[in-house]
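1. this is the structure alone, sequence omitted:
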């Protein structure tokens, strides 16, 4: 009996370690904590999960922040923007280069993510997915083929 209880508690401890903990503030100023990060607001990671899904999400967040920062830099009035048409025709400004670099990084991350997803979808006939509530479900063959097509299109667009 003691062994069974010890195994149960150790199993629960391992399950608790697998999930991350996120902190965010909503529009009303209320602080929330949860295992699933929201899509639209800034999120602070309290405890990092070990999953590949988290790593993909983190990379997407960093790319989005870099792109937004580059856009803000481009929107700031600088002496370079007040230059004459002759100077503008000489080449792209630093802000344009930063935006282009951020977009290139985001595309590279999407490319890598799509390649990994395509490999997983094509190498396994039975694919499981975890939804927002943490429930697992099997993808049907039609849905799997549809996702393979989408990933191939994403690879064509981003790679």
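-> It's in. Everything quoted here is computed from the prediction, not taken from an experiment.
2. after the helix or strand of the chain with the lowest mean pLDDT, next one along is what?
-> In the chain, the helix or strand scored least confidently by mean pLDDT, DSSP states H and E is helix 85-88, which has a mean of 50. Reading on from helix 85-88 to the C-terminus, the next helix or strand found by DSSP states H and E is helix 94-123.
3. buried residues in that next one?
-> Neighbour counts using 16 or more other CB atoms under 10 Å place 95, 98-99, 102, 106, 109-111, 113-114, 117-118, 121 of helix 94-123 among the buried residues. The way it works is simple: take the backbone N, C-alpha and C, and place the C-beta from them, glycine included.
4. show me what the mean pLDDT comes to for the helix or strand following that helix.
-> Scanning forward in sequence from helix 94-123 by DSSP H and E, the next helix or strand is strand 128-130. For strand 128-130, mean pLDDT is 80.
5. pick out the residue closest to the middle of this protein.
-> residue 57 (2.3 Å; CA atoms, centre = their mean).
6. where's that one, which helix or strand?
-> Going by DSSP H and E, residue 57 is part of helix 52-75.
7. can you pull the buried residues of that helix?
-> Within helix 52-75, the residues that count as buried by 16+ other CB under 10 Å are 54, 56, 57, 58, 59, 63, 66, 67, 70, 73, 74.
8. list of residues touching that helix?
-> Helix 52-75 is contacted by residues 20, 37, 43, 45, 48, 93-96, 98-99, 101-103, 105-106, 109, 113, 116, 130 when judged by CB atoms under 8 Å, 6 or more residues apart in numbering.
9. tell me where the model's unsure across the chain.
-> Applying pLDDT under 70 to the chain picks out residues 1, 4-19, 40-41, 48-52, 54, 77-92.
10. secondary structure element holding residue 137?
-> Using DSSP H and E, residue 137 maps to strand 136-138.
11. repeat that for residue 23.
-> Using DSSP H and E, residue 23 falls in strand 21-25.
12. list the beta-bridge partners for residue 21.
-> residue 47 (DSSP bridges).
13. look up how far residue 58 lies from it.
-> 14 Å (CB to CB, to the nearest Å).
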